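Novice: coordinates only, no sequence provided:
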């Protein structure tokens, strides 16, 4: 065997080792105790998103897990024991499966996570933490647990997230506590330009977003039909404008002057004047119709954007809240898309 073949074999072995070193991790939806179920789902999603940043891992997304387990007739709901989690991990061909619990006790939220080796069933890593405050602190708490896990177990250097509350002070009106909550929705308009979570949207991208969203699609469909209906009106208007403009120019240039008759006969000049008058009518009508559609078109776009934002906000269903304790009332809001 010559040296080149040996080099190729060594290279293949190295590539194989690198591929095998990349481990697969599945994050099970965290169980919610004494709090609403969506809080557990949101916490596990945030934990999963942090691990995605670790290039040494292959992290299975929630939808892929559902598809694989559905093919195996495995029910995710109700799978809360370690044995069930291990079975799930084997079906997903994962090296590790992350399980967790989010619980509320008094004014504090607790999150506990376990990393289980699927092959051996051994708990490789376990960590829990808590924080006092509102539900808006659950996600950053889950984020930090994922950062600690990745940094300590896999040697990454992810930054921790500050656990600071952003409280919207309530106002008193008619002896009732009300919250002054103004959520920052994902699709915003600034100086006539739409931005999706800070990214500038051109018309093509905006149309794609609105058309593809179930809530905003009906409004965009109406806008699309209105635009298609205005196409023949626009063609007629532009054609009438061209003919009218040419007719006016010919009529004006052929007018008699002090030096004698024009280069165009009087009858021809009169005919071009009539053409200008006749074509001015459809041009004016078409222009009025096109301008009149600007209002409804703008409203349909605004309705589509409003529906899109409402649909995005309802995905998580985190709402404003307030508590009344010895320090007085306080409130807060957290929307995650």
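Specialist: Structure's in. What do you need? Computed from a predicted structure; not experimentally measured.
Novice: per-residue pLDDT, residue 279?
Specialist: As predicted, residue 279 sits at a pLDDT of 87.
Novice: report all helices and strands that the strand or helix carrying it contacts.
Specialist: Assigned by DSSP states H and E, residue 279 belongs to helix 266-314. Judged by 3 or more CB pairs under 8 Å, 6 or more residues apart in numbering; DSSP states H and E, helix 266-314 is in contact with strand 187-190, helix 203-212, helix 217-253. Any C-beta I mention is one placed from the backbone N, CA and C, and that applies to glycine too.
Novice: would a markdown table of the ones you listed with mean pLDDT, mean neighbour count and distance to residue 303 be doable?
Specialist: A markdown table is the format used below for those (pLDDT from 0 to 100; neighbours: other CB atoms under 10 Å; distance: least, CB to CB, whole Å):
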| stretch | mean pLDDT | mean neighbour count | distance to residue 303 |
| --- | --- | --- | --- |
| strand 187-190 | 77 | 14 | 12 |
| helix 203-212 | 85 | 15 | 10 |
| helix 217-253 | 87 | 15 | 5 |
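Novice: pipe these into JSON lines and attach distance to residue 32 per row.
Specialist: Listed next are the helices and strands packed on helix 266-314 as JSON lines, based on distance: least, CB to CB, whole Å:
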{"stretch": "strand 187-190", "distance to residue 32": "30"}
{"stretch": "helix 203-212", "distance to residue 32": "30"}
{"stretch": "helix 217-253", "distance to residue 32": "32"}
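Novice: out of these, which gets nearest to residue 122?
Specialist: For those, distance to residue 122 was read as CB to CB. The smallest value, 43.9 Å, belongs to helix 203-212.
Novice: contacts for the closest one?
Specialist: 187, 194, 196, 201, 216-217, 219-221, 224, 301, 304-305, 308 (CB atoms under 8 Å, 6 or more residues apart in numbering).
Novice: how far off helix 217-253 does that helix point, in degrees?
Specialist: Using axes from the mean of the first three to the mean of the last three CA atoms, to 10 degrees, the inter-axis angle of helix 203-212 relative to helix 217-253 is 140 degrees.
Novice: and helix 203-212, how far out from the chain middle?
Specialist: How far helix 203-212 lies from its chain's middle: 12 Å, per CA atoms, centre = their mean, to the nearest Å.
Novice: check stretch 103-118 too.
Specialist: Relative to its chain's centre, stretch 103-118 lies at 28 Å (CA atoms, centre = their mean).
Novice: so for it, what's the average pLDDT?
Specialist: Mean predicted confidence for stretch 103-118 is 89.
Novice: all helices in the stretch 1-150 of the chain, in order from the N-terminus.
Specialist: In the stretch 1-150 of the chain, the helices defined using DSSP state H, counting those that start in this stretch lie at 3-21, 37-52, 62-71, 82-91, 138-154.
Novice: ok, which of those helices comes nearest residue 279?
Specialist: Across these, closest to residue 279 is helix 62-71 (CB to CB), at 58.0 Å.
Novice: got the contact list for that closest one?
Specialist: Applying CB under 8 Å, 6+ apart, the contact partners of helix 62-71 are 26, 29, 45, 48, 75-76, 88, 91-92.
Novice: so for it, what gets flagged as buried?
Specialist: Buried residues in helix 62-71, counting neighbours by 16 or more other CB atoms under 10 Å, are found at 62, 65, 68-69.
Novice: among those residues, which one sits closest to residue 136?
Specialist: residue 62 (22.1 Å).
Novice: how's this protein carved up into domains?
Specialist: 20-165, 189-314 (automatic domain parsing).
Novice: ok, of the ones you listed, where does mean pLDDT dip lowest?
Specialist: Here the domains of the chain differ in mean pLDDT, and the lowest is domain 189-314 at a mean of 82.
Novice: quick one: the strands in the stretch 51-200 of the chain?
Specialist: For the stretch 51-200 of the chain, applying DSSP state E, counting those that start in this stretch gives strands covering 57-59, 96-105, 108-117, 123-132, 170-173, 176-179, 187-190, 193-196, 199-201.
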